[in-house]
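> task: produce atomic coordinates for the following.
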Amino acid sequence: MAAAIPPASVSVTMTDSPLFTQPPLSQTLEDLACAYWSSDTLFAAIKLNIFGNLGDETLAVAELGQLCHCHPAELTRLLTALARLNLILEETDGWRNLPEAARHLIPERPEYLGDFLLYRRYLQPTWHTLTQTISSVPLSPALSRDDDYPTRNRHYVQALDQLARLKAQEIVAKLNHIPWHGPILDLGGGAGALSRALTQTHRQQAVAATLFELPEVLAAAQALYPASDAWMDIAPLPGEFLSHSFADHDRFGLIVLSNFLHIYNATNAKLCLSKAVTLLRPSGHLLIHDYCPDRGAIKGPLYDLNMLINTPNGQCHKACDLATWLADNGLTEARIIDLASDSTLIIARRPS
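The predicted structure follows:
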């Protein structure tokens, strides 16, 4: 895939790329849990006949979209994931099949495997019965789409907090090399895992954090962590960020947007960044943690497809775009750090 380069006015430092670092066991487990994201991406491409329509040519998205009867913007997100799966390649003038995909995924080719692979998809539903097939007692699912919203929200907060606690350890370790100061504004911080980790590491400095979240998420978080000491130095603040009015004196030394911007499309994500910068103190740091489709791990483009099908407007944003948007708001020096797991940090400092 062609590399995306930020404009010359943006100073980007690439550091800590973990290309040869063994991922933690927790990452291996998550990769197993999300393995179907890759297979469903492949199945969708076969069903849409992307490989067949590309053939031996290089086609622009608009032309390929017409042949496949696909929406260009959504198709681009699928093509990005297919490229990271090493099935196709993005050139300057469009997309083309890589040799193995052309060999096995173009219909009418002697070694075509599309029908075989789609038969594997046909078997998927029966695999969902594996637990009950093995169990000697009836088992109900932990969560169902038929459950009411409070139940689903409680499971959502608890599930994401389990991963966030592990990610927080990685993030805090990277921040140890940066002279950041509080107070902290943790935007969309879920149950507060990162706020908790940051305040605990700076307890001697009495750094305080504001955990900004939707009211129902904060309610679930406080039910998950009922003990008062779990909220030491953390003040929950309910609201929706774009519409919330902060007090004139509300300014922060560290603003964290961890897995927050991918809730929004590009237009609203830019608005969020612009608003966050206005809340940043001079010399303050802004930290973005997210899944970026243009970085090393395959999870970036796959998570983007997850947002496409599971949210109204969610979208994972390229790290180079985020760096450009930061520069547009006066934060011209961005440090990009790929974690040993599957996500990326972008750290920028507001001029004094």
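
> next, the buried residues of the longest strand along the chain.
In the chain, assigned by DSSP state E, the strand with the most residues is strand 280-290. Within strand 280-290, the residues that count as buried by 16 or more other CB atoms under 10 Å are 280-281, 284-290. Just so you know, the C-beta spots here come from the backbone N, C-alpha and C atoms, and that holds for glycine as well.

> give me the element residue 348 is part of.
Taking DSSP states H and E as the criterion, residue 348 maps to strand 344-349.

> list the contacts of that strand.
With contact meaning CB atoms under 8 Å, 6 or more residues apart in numbering, strand 344-349 is reached by 171, 174-175, 178, 283-292, 295, 300, 319, 322-323, 326, 331, 333-339.

> are any of these buried, and which?
171, 174-175, 284-292, 295, 300, 319, 322-323, 326, 331, 334-339.

> grab the nearest non-local neighbour of the residue nearest the centre of the chain.
Geometric centre of the chain, nearest residue: residue 291, 3.0 Å, by CA atoms, centre = their mean. Once flanking residues are discounted, residue 291 sits nearest to residue 303: 4.0 Å by CB to CB, 6 or more residues apart in numbering.

> buried sites along the helix or strand hosting that neighbour?
Taking DSSP H and E as the definition, residue 303 sits inside helix 299-310. By neighbour count with 16+ other CB under 10 Å, helix 299-310 contains the buried residues 299-308.

> any chance of these in CSV, plus distance to residue 243?
Formatted as CSV, these follow (distance: CB to CB, whole Å):
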residue, distance to residue 243
299, 30
300, 29
301, 30
302, 31
303, 26
304, 25
305, 28
306, 26
307, 21
308, 24
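
> name the SS class of residue 152, please.
With DSSP: H, G, I helix; E, B strand; the rest coil as the basis, residue 152 sits in helix.

> list of residues touching stretch 219-234?
Identification of contacts with stretch 219-234 by CB under 8 Å, 6+ apart yields 153-154, 156-158, 161, 190-192, 195-196, 199, 203, 206-211, 213, 236.

> show the buried residues in those.
Among these, those classed as buried by 16+ other CB under 10 Å are 153-154, 156-157, 161, 190-192, 195-196, 199, 207-211, 213, 236.

> and the helices in the stretch 101-250 of the chain, which stretches?
Secondary structure of the stretch 101-250 of the chain by DSSP state H, counting those that start in this stretch: the helices cover 114-127, 130-134, 149-175, 193-201, 215-224.

> quick check: which of those is nearest to residue 39?
In terms of CB to CB, the element of those nearest to residue 39 is helix 114-127, at 7.6 Å.

> so which bits of the closest one are buried?
By neighbour count on 16+ other CB under 10 Å, the buried set for helix 114-127 is 114, 121.

> give the other helices and strands that it contacts.
Helices and strands touching helix 114-127, by 3 or more CB pairs under 8 Å, 6 or more residues apart in numbering; DSSP states H and E, are helix 35-47.

> after the helix or strand of the chain with the lowest mean pLDDT, which helix or strand is next?
Least confident helix or strand of the chain, by mean pLDDT, DSSP states H and E, is strand 11-15 with a mean of 59. On the C-terminal side of strand 11-15, the nearest following helix or strand under DSSP H and E is helix 25-33.

> quick one: pLDDT of the closest residue to residue 154 other than its chain neighbours?
Nearest non-adjacent residue to residue 154, counting by CB to CB, 6+ apart: residue 220, 4.8 Å away. pLDDT recorded at residue 220 is 97.

> what's the burial count for residue 220?
Around residue 220 there are 22 other residues, counting by other CB atoms under 10 Å.

> any stretches of the stretch 201-350 of the chain with poor pLDDT?
Across the stretch 201-350 of the chain, no stretch falls below the confidence threshold (pLDDT under 70).

> what do you get if the cut-off is 80, keeping everything else the same?
In the predicted model, the stretch 201-350 of the chain carries pLDDT under 80 at residues 203-206, 296-297.

> about what we covered before: could you say what helices and strands the helix or strand following the helix holding residue 303 packs with?
Using DSSP H and E, the helix or strand that follows helix 299-310 in sequence is helix 319-328. When contacts are defined as 3+ CB pairs under 8 Å, 6+ apart, helix 319-328 packs onto helix 266-278, strand 280-290, strand 333-338, strand 344-349.

> now helix 319-328, how far from the chain's geometric center?
16 Å (CA atoms, centre = their mean, to the nearest Å).
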